[in-house]
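1. need a 3D model of the following:
(2 chains)
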Amino acid sequence: MHGIDLDIARADFVALMGPSGSGKTTLLNLIGGLDTPTGGSITVDGRRIDRLSGGELARWRAANVGFVFQFYNLLPVLSAQRNVELPLLLTSLGAAERRRRAAIALALVGLADRARHKPKELSGGQEQRVAIARAIVSDPTLLVCDEPTGDLDRATAHEIMLLLQLLNRQHGKTIVMVTHDPKAAEYAQRSLHLDKGTLAPADEAPR
Amino acid sequence: MTHLVWAQLFRKKTRTVLTLLSVIVAFLLFGLLQAVEVAFESAADAADARRLLTIARYSIIEPLPMAHGRAIARVPGVVAVASADWFGAKYQNESNAFPVFAVDPVRYLDMYPEFRVSPAHREAFTKTRTGAIAGQRLVDRYGWTVGQKLPIASEIHAKTDGSLNWEFDLVGTLDADDPAVRGNTDMVLINVAYFDEARQFGRGKTGWYIIRIDDPAQARTISAAIDRLFANSPDETKTQPEKEFAIGFAKQIGDIGALVTRILIAVFFTILILTGNTMAQAVRERIPELAVLKTLGFSDRAVTLLVLGEALLLLGLGAGVGMLGAVSVLPALNARTGGRFPPLFIDGATWLLAVSIAVGLALAIGLPPALRVGRLRIVDALAGHR
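-> The predicted structure follows:
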């Protein structure tokens, strides 16, 4: 990363694009509090997260960030319901309330009837919906998505992007998404291009 | 969180079940072997610090004069004296051997308050010269009933008519509430008054003395005082606390404790290697999943405890089932030995030791992978699995 100066407004939907090795994922890791910068600062909602210790950063992630990965990263031994409940295990909520909230999140992504299914019993699109339900179950303000449609066919990718768009527009989630796919980037409010650690708006990026 | 630990542990059911089985077998073996060791040590454990034993100086098979009893009773610190003589019994055939002691009923039973004898049986034993009382386990083993004649042959003592076949009246039973003491009740007591009068030789002699003292701290001094009484006489004595005598007697069979310990060390070392390897492999396989948990906000400590929890659950489950297995097997084993062996049981100390071993093993196999996972950098672990 070189001299990156990026402001993302609340309820923004930003697509980060760029070639492999350009630093997209590194930037996403820094924004999501998975990594800490060697220099500079990252402020989220008025808080300098680059100054937080490992434990503080973990607590901050649990409360403020939802993660969506390309390969879903669900725990194969748990049902969809239990996977969605995972972030709530870090809260003081009781089991019944955890179940209730997980059910709501699953209903929101249209998978209420798949709650008892294990990941291997779901399609790729359904797995990604479960992952999105897990990302939103603790009601974070920020969703960090790394190639959320990278493993999906076009039709399913469209459904997932509509879902993310819905979360952004109707629920006010701030979304930062890394993608290689220009079609996916079209669902974002704006696109940024990263190349060799330098950031530029997508329309200014070299073609 | 428990369901998460449970689900992770049984992620690969076959592997976990096989590992669990090995732990169960190890703790089953532990329970059984410890029961054997406890049974052998029970005589020493049941020993009373206020009791001394006096035997002939050079061998327990050398008899001592009954007159020694009166002299011993006069030694300062001695509260009571009883004696017992070895009858050398066999019942029906060679394999039915059990101890038969010729004793003074009142003195002997007063010496062992841990034995439970009903007042009626005690009185009958005291008043019946040909009377005998038998340990409840022996009564159960041979199907005796109180009131019956008890034909017992002696390999040592002939009656005045030259016959080795004796007959006693079974007038009562004795038992003990403490399982550690119960093994010591596998015997028949006969009345020394009748025995001494009816035997062909050895009259006026007994096998050993049991001495009650008032202060256990004075045991050595009193023992020395007793032995000094008979020093340089034809019947020199050797007096020692009952516990020392019991330990020495048990060691004549072999050092069961050391043997059991060595076997169990080998068993648990094997479990440590096997389970440790399985655990490390299981954790290695799901590094990305654990990294996802960290991504979701699980702290390093939480993930460390999660992995450690799996090891504790595995060992706890295996140890629990194995020990319960041993507990459920022991009654059948006790029945099969027909009372020829001290009663096998699992005492509180064995349970405590099992818990300590299970926790120790869980820490030994769980800590290395748990700490490794705790130190895991999310971005490195997720690389290639996003």
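
2. skipping adjacent residues, who's closest to the closest residue to chain A within the stretch 51-200 of chain B in space?
-> Residue nearest to chain A within the stretch 51-200 of chain B (C-beta to the nearest C-beta): B:Pro179, separated by 43.0 Å. In this view, the C-beta of every residue, glycine as well, is placed from N, C-alpha and C. Distance criterion C-beta to C-beta, 6 or more residues apart in numbering or on different chains; nearest residue to B:Pro179, sequence neighbours excluded, is B:Phe345 at 4.5 Å.

3. separation between that neighbour and chain A?
-> 40 Å (C-beta to the nearest C-beta, to the nearest Å).

4. and the nearest residue to B:Ala73 once chain neighbours are set aside, what's its pLDDT?
-> Sequence neighbours aside, B:Val81 is the residue nearest to B:Ala73 in space, at 4.7 Å (criterion: C-beta to C-beta, 6+ apart). At B:Val81, the model reports a pLDDT of 96.

5. same check, this time on the one 5 residues further on
-> According to the predicted model, the pLDDT of B:Trp86 comes to 91.

6. that one and B:Phe101 touch, don't they?
-> Yes - in this structure, B:Trp86 is within contact of B:Phe101 by C-beta atoms under 8 Å, at 6.9 Å.

7. ok, the host helix or strand of B:Val292 near chain A or not?
-> Secondary structure from DSSP states H and E places B:Val292 in helix B:287-295. Yes - contact of helix B:287-295 with chain A (C-beta under 8 Å from any C-beta of the partner chain) involves B:Pro288, B:Glu289, B:Val292, B:Leu293, B:Lys294, B:Thr295.

8. show me the contacts for the closest residue to the fifth one other than its chain neighbours.
-> With C-beta to C-beta, 6+ apart as the measure, B:Ile378 is the residue that lies nearest to B:Lys294, at 5.0 Å, once sequence neighbours are left out. With contacts defined as C-beta atoms under 8 Å, 6 or more residues apart in numbering or on different chains, B:Ile378 is in contact with A:Asn29, A:Leu34, A:Asp35, B:Ala291, B:Lys294, B:Thr295.

9. contacts for stretch B:233-245?
-> Contacts of stretch B:233-245 (C-beta under 8 Å, 6+ apart): B:44, B:47-49, B:51-58, B:62, B:64-65, B:68, B:210-211, B:216, B:219, B:222-224, B:226-227, B:229-230.

10. out of those, which are buried?
-> B:44, B:47-48, B:51-57, B:64, B:68, B:210-211, B:219, B:222-223, B:226-227, B:229-230 (16 or more other C-beta atoms under 10 Å in any protein chain shown).

11. still on that earlier bit, what's the burial count for the residue nearest to B:Pro179?
-> Neighbour count of B:Phe345, defined by other C-beta atoms under 10 Å in any protein chain shown: 19.

12. now do the same contact list for it.
-> B:Ala35, B:Val38, B:Ala39, B:Pro179, B:Leu330.

13. rewinding a little: what do B:Trp86 and B:Phe101 both touch?
-> Common neighbours of B:Trp86 and B:Phe101 (criterion: C-beta under 8 Å, 6+ apart): B:Gly207.

14. how far off centre is the helix or strand where A:Cys145 lies?
-> Assigned by DSSP H and E, A:Cys145 belongs to strand A:142-146. Remark: strand A:142-146 is offset 2 Å from the chain centroid, using C-alpha atoms, centre = their mean, to the nearest Å.

15. give me the next element, helix or strand, following it.
-> That would be, after strand A:142-146 and using DSSP H and E, helix A:154-171.

16. on the three-state scheme, the closest residue to chain B within chain A is what?
-> Closest residue of chain A to chain B, C-beta to the nearest C-beta: A:Ala62 (2.5 Å). Secondary structure assignment for A:Ala62 (DSSP: H, G, I helix; E, B strand; the rest coil): helix.

17. so it sits against B:Thr295, correct?
-> No - the pair A:Ala62 / B:Thr295 is not scored as a contact, 9.7 Å apart, by C-beta under 8 Å.

18. name the residues contacting each of the two.
-> Common contact partners of A:Ala62 and B:Thr295 (C-beta under 8 Å, 6+ apart): none.

19. who has more neighbours out of these two?
-> Between A:Ala62 and B:Thr295, counted using other C-beta under 10 Å, B:Thr295 has the larger neighbour count: 26 against 21.

20. alpha carbons of the helix or strand that contains B:Glu244, as PDB, please.
-> Assigned by DSSP H and E, B:Glu244 belongs to helix B:242-251. Output in PDB follows, covering the C-alpha atoms of helix B:242-251 (Å, rounded to 0.1, in the frame of the first residue of the first chain):
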ATOM      1  CA  GLU B 242       0.500 -53.900  62.200                       C
ATOM      2  CA  LYS B 243       0.900 -51.800  59.000                       C
ATOM      3  CA  GLU B 244       4.500 -52.700  58.600                       C
ATOM      4  CA  PHE B 245       3.700 -56.300  59.100                       C
ATOM      5  CA  ALA B 246       0.900 -56.100  56.500                       C
ATOM      6  CA  ILE B 247       3.100 -54.400  53.900                       C
ATOM      7  CA  GLY B 248       5.900 -56.900  54.400                       C
ATOM      8  CA  PHE B 249       3.400 -59.800  54.100                       C
ATOM      9  CA  ALA B 250       1.900 -58.400  50.900                       C
ATOM     10  CA  LYS B 251       5.400 -58.000  49.400                       C
END
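
21. circling back: wait, does the strand holding A:Cys145 make contact with chain B?
-> Yes - using C-beta under 8 Å from any C-beta, strand A:142-146 reaches chain B at A:Asp146.

22. can you list the strands that that strand pairs with?
-> strand A:65-68 (parallel), strand A:174-178 (parallel) (DSSP bridges).

23. now do the longest one against helix A:154-171, angle only.
-> Going back to what we said before, that points to strand A:174-178. 150 degrees (axes from the mean of the first three to the mean of the last three C-alpha atoms, to 10 degrees).

24. same question for strand A:174-178, mean pLDDT?
-> On average, strand A:174-178 scores 94.

25. same thing with the shortest one?
-> Per-residue pLDDT values over strand A:65-68 give a mean of 94.

26. hmm, who's touching it?
-> By C-beta under 8 Å, 6+ apart, the residues outside strand A:65-68 that reach it are A:32-33, A:87, A:128, A:131-132, A:134-138, A:140, A:142-146, A:148, A:164, A:173, B:295-296.

27. pull that strand out as CSV, backbone CA atoms only.
-> The C-alpha trace of strand A:65-68 is given here as CSV (Å, rounded to 0.1, in the frame of the first residue of the first chain):
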residue,chain,number,x,y,z
VAL,A,65,-17.9,-6.1,11.1
GLY,A,66,-19.5,-8.9,9.1
PHE,A,67,-17.4,-11.0,6.8
VAL,A,68,-18.3,-12.7,3.5
